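J.: generate a structure from the sequence data that follows.
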Amino acid sequence: WGFIVNQIYKNPGEIIHHLIDVVSKNGCLLLNVGPKPDGTIPEEEQKILSEIGHWLAINGDAIYCSRPWRLFGEGPTLVPEGSFIDNDVVFDSRDIRFTTKNGRLFAITLGVPDKFVEIKSLCHEKVMTVKLLGVDSEMPFTQSESGLVIQLLKNNSCKYACVFEITI
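T.: All right, here's what the predicted structure looks like:
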């Protein structure tokens, strides 16, 4: 690929959500970065890559060297099957994806919830602790037959997607 004049870019949140969705299904995401004829990366692409890098600096533990959980995710948004079909998919914070790493479970929201996160898939697992990556303290939560409900703190580090490290 190469440089395209007047290129239309996806925003960082869309790319991060797509990355999370793909990784939760044991896939890899290839980013297309097209340099200008002189070899420099366009400023808009640099900004997007910087935003993705900032998100990964906080939340990369749920992405790098992670593995899929027994269930890739839950939520109302349906993703069509096939190649190059993600352009019209818009996720929201009720869409959650799961990854695991070194015995830890990560639940990742594809958006930033307002006050709480409800994870219906964790109704039968005994949850011991919940942490939000980027925050030092544990998150308050309740668990019932209908799922796990995590209360969000007012000052959290969520941007684009929240990553919860859950100990079962």
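
J.: can you report phi and psi for the residue lying farthest from the centre of the chain?
T.: In the chain, counting by C-alpha atoms, centre = their mean, residue 38 sits farthest out from the average C-alpha position, at 33.9 Å. Main-chain torsions, residue 38, degrees, to the nearest 10: phi -90, psi 0.

J.: tell me who's in contact with it.
T.: By C-beta atoms under 8 Å, 6 or more residues apart in numbering, no residues touch residue 38. C-betas here are computed from N, CA, C, even on glycine.

J.: the helices in the protein, which residues?
T.: 12-24, 43-59 (DSSP state H).

J.: between the shortest one and helix 43-59, how big is the angle?
T.: Looking back up the chat, that one is helix 12-24. Calculated by axes from the mean of the first three to the mean of the last three C-alpha atoms, to 10 degrees, helix 12-24 forms an angle of 50 degrees with helix 43-59.

J.: any low-confidence regions in the protein?
T.: Along the chain, the parts satisfying pLDDT under 70 run over 1-3, 83-87.

J.: from the centroid of it, which residue is nearest?
T.: Using C-alpha atoms, centre = their mean, the most central residue of the chain is residue 20, at 4.1 Å.

J.: OK, contacts around it?
T.: Contacts of residue 20 by C-beta under 8 Å, 6+ apart are 63, 97, 108, 110, 161.

J.: in TSV: those, plus neighbour count and distance to residue 6.
T.: Formatted as TSV, the contacts of residue 20 follow (neighbours: other C-beta atoms under 10 Å; distance: C-beta to C-beta, whole Å):
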residue	neighbour count	distance to residue 6
63	21	31
97	28	33
108	25	33
110	27	29
161	23	29
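
J.: thinking again about what came up before, tell me which of the helices of the chain sits nearest to residue 129.
T.: helix 43-59 (17.6 Å; C-beta to C-beta).

J.: strands along this protein, start to end?
T.: 67-74, 96-101, 104-109, 116-119, 129-132, 141-144, 147-151, 163-167 (DSSP state E).

J.: name the helices or strands packed onto the fifth one?
T.: The criterion is 3 or more C-beta pairs under 8 Å, 6 or more residues apart in numbering; DSSP states H and E, and the helices and strands that strand 129-132 contacts are strand 163-167.

J.: kindly report the same for the longest one.
T.: For strand 67-74, the packing partners by 3+ C-beta pairs under 8 Å, 6+ apart come out as helix 12-24, strand 96-101.

J.: strand partners (parallel or antiparallel) of it?
T.: Its sheet considered, strand 67-74 pairs with strand 96-101 (antiparallel) by DSSP bridges.

J.: centre of the chain to the strand it pairs with, how far?
T.: The chain centroid and the centroid of strand 96-101 are separated by 9 Å under C-alpha atoms, centre = their mean, to the nearest Å.
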